[in-house]
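Undergrad: Please find the sequence and the predicted model below.
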Amino acid sequence: MQEGGVIRLLPDSVANQIAAGEVIQRPASVIKELMENSIDAGAKEVKVVVQDAGRTLIMVTDDGCGMTETDARMSFERHATSKIREASDLYHLSTMGFRGEALASITAVAQVEMQTRVEGAELGTRVETAGCEIGAVEPCATPKGTRISVRNLFFNIPARRRFLKSDATEMRQVSQEFLRVALAHIDIDVSLVSDGQTIYKLSSGGIKQRIAGVVGTGMTQHLIPIEAETDLVKIKGFIGTPETAKKRGVEQFFFVNDRYMKSASFHKAIVDAYKGIIAVDVTPCYFVYIDVDPQTIDVNVSPQKTEIKFDDEQSIWKILNSAARKSLSDGGIMPSIDFESSERIEIPTFGVGSRDGETETYNPFAREREQAQRFASTVNGWERLYTGLEKAERTYSSSVGSYNPNVVERYDPFAMEASTAIQREMFPEAERGVIEIDSSRFWQHIGKYIITTVPNGLMIIDQHRAHNRILFDTYKQIMQHGNISGQMLLYPERVSMSQNDACIVSELQGELAQAGIDVTVEGNEVVISSTPTQIEISAVRDILEELVYDCQQGGADVRSGIGDYIIGRLAEKVAMPYGRELTAEEMKDMYEKLMTSAERGYTPQGKPTYRVVSNNDIERLF
Ligand code: ADP
Ligand code: MG
């Protein structure tokens, strides 16, 4: 046995370097820690300056409370924090960070200079450090607040320095981190200057102005508000219209109690609401602020503190998802069919005697009640819709034996029955005959648009796109119960493809068959033996080729939603063309069917199906 143990306490400098590895990974991590400290210090303005994407210099200046000389020295110690005194504080904190290791970690891997002054003190303090050692501490003249300059990040850890990516990549991360803090704290003026160039200069203001400063004012018209309030959670913010969904470079932010966080699960809650109104390989932008009781979350689960554990994540997921659905249904493309039982004013009620824009069903207390019941109605509205859909589906599937798309084209009675069932479910008035839509209220314009009046304006429906949406919904219902029936080709069509492409087609055989397209693959040849009734063989060839192409490009994203993708393409091809003349009855029918669709505002490809020119806009014309 050897004398004495082999276990040694690590010297502080080593411990700090190890901790730094966790907290400080790149220039962006420094930005985050320093900005958060400034915000905790009550700053009203925070300026960030970087050189060479932060490699050479990161400087954060604030006008917060500053530090006394003692505190300035202390702040570089590991586990030095003014924000927590005992363990129970951990659960009540609303400040940004309380691990007390950011400054210690940064000092371990860079040359740091701090200048700081508290209100009322004549002189401030300057502290210099490098690689954990506190160097000079001296009085200095400096404005109230704190400026911290971090030079030559990882100067003492060459491996880490080499590990950094290109300037462009690091700078992207810096901007991203800056934006997360900027969007989480809209009441603070913030700016980011890189190599002498101002990248962002955002003044305090409302959420929308802040987002506009980030995404550009042009984008804000494509943002729709999202809102929900329950005992459990308060949600506010904006989500993008389906048109703005993109494959990459999408701005997506969640904030929980003013702190940025990542959540794959909440991301899904939002994206799920766009199902059927955006292509499967794109995602929308969102800026969503979630407020919960701090006691119901645990924020310190990851060193970078971007992951948060919720006590009741599932319920929040549901609330978030229905709030997003609700926003999409009435956002920007009003009037929506109103899901709220208490507020009927926006439902097109043509048959109802109307006077001065008021309808018989108008209820002066509706607004208050609506507000009080906001959440309840948000969720119930959708529940009602889905119950309606379910019932409709049942009616539908029991009466439809095999599907014939021709019937749909002529607005088959079953589909009509289905939509009436939904309508009844949603509008008990319809049952009592209060809502009676008169077909004389529809006009066709230049063979392309259906125009009708609604209480808050003139509605213009794109006939091709509307039909596209209606067909898609119908196909989807059918696919839930079986296959769309195909038509056998007398002479199977043979299409030559590369081995690889043919392979993709053979993988999709099952989904294609569901959509009425039967294919077999023989070597390099794809043999099409049946097509959906109304589709020409050339269109099916197109669909196959585009499908293969998109699968190669979009990879797993496209494949996971392939069923929807295929029927989306079918609906697009089958939808009635522009120029086709419509009778008043057909227009009314199209309108009714479109309005009963949960995703009536957009085609499956994300293009708007209708717009309303508001009464205000009309007034402004004169
Ligand atoms: P933490 O933020 O977790 O407390 P840090 O290492 O980030 O730990 O900071 C240590 C302490 O230094 C803080 O608790 C705070 O008292 C002080 N501090 C850091 N930055 C500032 C600043 N910009 N203004 C005022 N005080 C600061
Ligand atoms: Mg901190």
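TA: Thanks, I have it. Just so it is clear, the structure is predicted and the values come from calculations on it, not from any experiment. Ligands and ions are numbered 1, 2, ... in the order given.
Undergrad: in stretch 103-110, what's buried?
TA: 103-110 (16 or more other CB atoms under 10 Å). From N, CA and C alone the C-beta is placed, and that goes for glycine too.
Undergrad: so how far is that stretch off the chain centroid?
TA: Relative to the centre of its chain, stretch 103-110 is centred 36 Å away, using CA atoms, centre = their mean, to the nearest Å.
Undergrad: Using a markdown table, lay out the buried residues of stretch 103-110 together with distance to ligand 2 and secondary structure.
TA: Compiled in a markdown table, these are given as follows (distance: CB to the ion, whole Å; DSSP: H, G, I helix; E, B strand; the rest coil):
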| residue | distance to ligand 2 | secondary structure |
| --- | --- | --- |
| Leu103 | 7 | helix |
| Ala104 | 10 | helix |
| Ser105 | 10 | helix |
| Ile106 | 10 | helix |
| Thr107 | 13 | helix |
| Ala108 | 15 | helix |
| Val109 | 16 | helix |
| Ala110 | 16 | coil |
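Undergrad: I'd like to know which of these is nearest to ligand 1.
TA: Ligand 1 has its nearest neighbour among the buried residues of stretch 103-110 in Leu103, at 3.6 Å by CB to the nearest ligand atom.
Undergrad: isn't that closest one right up against Met74?
TA: No - counting by CB atoms under 8 Å, Leu103 does not reach Met74; the two are 9.6 Å apart.
Undergrad: Now Ser538. Its backbone dihedrals?
TA: phi -60, psi -40 (degrees, to the nearest 10).
Undergrad: now the one 10 residues further on
TA: The phi/psi pair for Val548 (degrees, to the nearest 10) reads phi -60, psi -40.
Undergrad: what residues are up against it?
TA: 497, 501, 504-505 (CB atoms under 8 Å, 6 or more residues apart in numbering).
Undergrad: Need the max-distance pair from those residues.
TA: Met497 and Ile504 (8.6 Å; CB to CB).
Undergrad: sec struct for Met459, please.
TA: Per DSSP: H, G, I helix; E, B strand; the rest coil, the local secondary structure of Met459 is strand.
Undergrad: Sorry, wrong one. I was asking about Ile543.
TA: Once three-state DSSP is applied, Ile543 turns out helix.
Undergrad: Could you report the neighbour count for it?
TA: 23 (other CB atoms under 10 Å).
Undergrad: ok now do it, which residues does it touch?
TA: So Ile543 contacts 517, 566, 569-570, 573 (CB under 8 Å, 6+ apart).
Undergrad: make it 6 Å
TA: Ile543 makes contacts with Arg569, as judged by CB atoms under 6 Å, 6 or more residues apart in numbering.
Undergrad: Please name the nearest non-neighbouring residue to Val127.
TA: Of all residues not flanking Val127 in the chain, Met114 sits nearest, at 4.6 Å (CB to CB, 6 or more residues apart in numbering).
Undergrad: Isn't that neighbour up against Thr125?
TA: No - Met114 is beyond contact range of Thr125, at 7.7 Å (criterion: CB atoms under 6 Å).
Undergrad: if we can go back for a sec, keep only the buried residues of stretch 103-110 that also lie close to ligand 1.
TA: 103-104 (CB under 6 Å from any ligand atom).
Undergrad: With pLDDT and distance to Ile277 as extra columns, can I get the buried residues of stretch 103-110 in CSV?
TA: As requested, those are exported to CSV (pLDDT from 0 to 100; distance: CB to CB, whole Å):
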residue, pLDDT, distance to Ile277
Leu103, 91, 47
Ala104, 89, 49
Ser105, 88, 45
Ile106, 92, 45
Thr107, 91, 50
Ala108, 88, 50
Val109, 90, 47
Ala110, 93, 48
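Undergrad: helices and strands around the helix or strand the residue nearest to Val127 falls within, which ones?
TA: Using DSSP states H and E, Met114 maps to strand 111-117. Helices and strands touching strand 111-117, by 3 or more CB pairs under 6 Å, 6 or more residues apart in numbering; DSSP states H and E, are strand 124-130, strand 145-151.
Undergrad: Domain-wise, how is this structure divided?
TA: Listed domain ranges for the chain are 12-202, 207-330, 406-622 (source: automatic domain parsing).
Undergrad: Can you tell me which of those domains is nearest to Gly5?
TA: Using CB to CB, the domains of the chain put domain 12-202 closest to Gly5, at 18.0 Å.
Undergrad: Pull the distance from the closest one to the chain's centre.
TA: The answer for domain 12-202 is 30 Å, by CA atoms, centre = their mean.
Undergrad: about what we covered before: between the contacts of Val548, which is closest to ligand 1?
TA: Checking these against ligand 1 with CB to the nearest ligand atom, the nearest one is Ile504 at 51.6 Å.
Undergrad: Am I right that the closest one is in contact with Cys551?
TA: Yes - shown here, Ile504 and Cys551 form a contact pair, counting by CB under 6 Å, at 5.2 Å.
Undergrad: what stretches of the stretch 351-500 of the chain score poorly on pLDDT?
TA: In the predicted model of the stretch 351-500 of the chain, residues 351-437 satisfy pLDDT under 70.
Undergrad: State the helix or strand in which the residue in the stretch 401-550 of the chain that ligand 1 sits nearest to lies.
TA: Going by CB to the nearest ligand atom, ligand 1 is nearest to Asp550 of the stretch 401-550 of the chain, at 47.1 Å. Per DSSP H and E, Asp550 falls inside helix 537-554.
Undergrad: Tabulate the CA atom coordinates of that helix in CSV.
TA: The C-alpha coordinates for helix 537-554 follow below in CSV (Å, rounded to 0.1, in the frame of the first residue of the first chain):
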residue,chain,number,x,y,z
ILE,A,537,-51.7,9.6,-67.5
SER,A,538,-49.4,12.5,-68.4
ALA,A,539,-50.3,14.2,-65.1
VAL,A,540,-49.5,11.0,-63.2
ARG,A,541,-46.2,10.8,-64.9
ASP,A,542,-45.5,14.4,-63.8
ILE,A,543,-46.5,13.6,-60.3
LEU,A,544,-44.2,10.6,-60.1
GLU,A,545,-41.3,12.6,-61.5
GLU,A,546,-41.8,15.5,-59.1
LEU,A,547,-42.3,13.1,-56.3
VAL,A,548,-39.0,11.4,-56.9
TYR,A,549,-37.2,14.7,-57.2
ASP,A,550,-38.7,16.1,-54.0
CYS,A,551,-37.9,12.9,-52.1
GLN,A,552,-34.2,13.3,-53.2
GLN,A,553,-34.2,16.9,-52.2
GLY,A,554,-36.3,16.9,-49.1
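Undergrad: pLDDT of that helix, averaged?
TA: Averaging pLDDT along helix 537-554 gives 81.
Undergrad: List the buried residues of whichever strand or helix holds Glu619.
TA: Using DSSP H and E, Glu619 maps to helix 615-620. Of the residues in helix 615-620, none count as buried by neighbour count, 16+ other CB under 10 Å.
Undergrad: Show me what that helix is in contact with.
TA: So helix 615-620 is in contact with 456-457, going by CB under 6 Å, 6+ apart.
Undergrad: so how far is that helix off the chain centroid?
TA: Per CA atoms, centre = their mean, the centroid offset for helix 615-620 relative to its chain is 32 Å.
Undergrad: Ala245 contacts Val282, correct?
TA: Yes - in terms of CB under 6 Å, Ala245 counts as a neighbour of Val282; the distance is 4.0 Å.
Undergrad: picking that back up, now the residue nearest to Val127: how far from Val613?
TA: 59 Å (CB to CB, to the nearest Å).
Undergrad: Lys247 now?
TA: In terms of CB to CB, Lys247 sits 32 Å off from Val613.
Undergrad: Repeat that for Glu122.
TA: 65 Å.
Undergrad: Counting neighbours, go ahead and name the busier of these two.
TA: Val613 (14 against 7).
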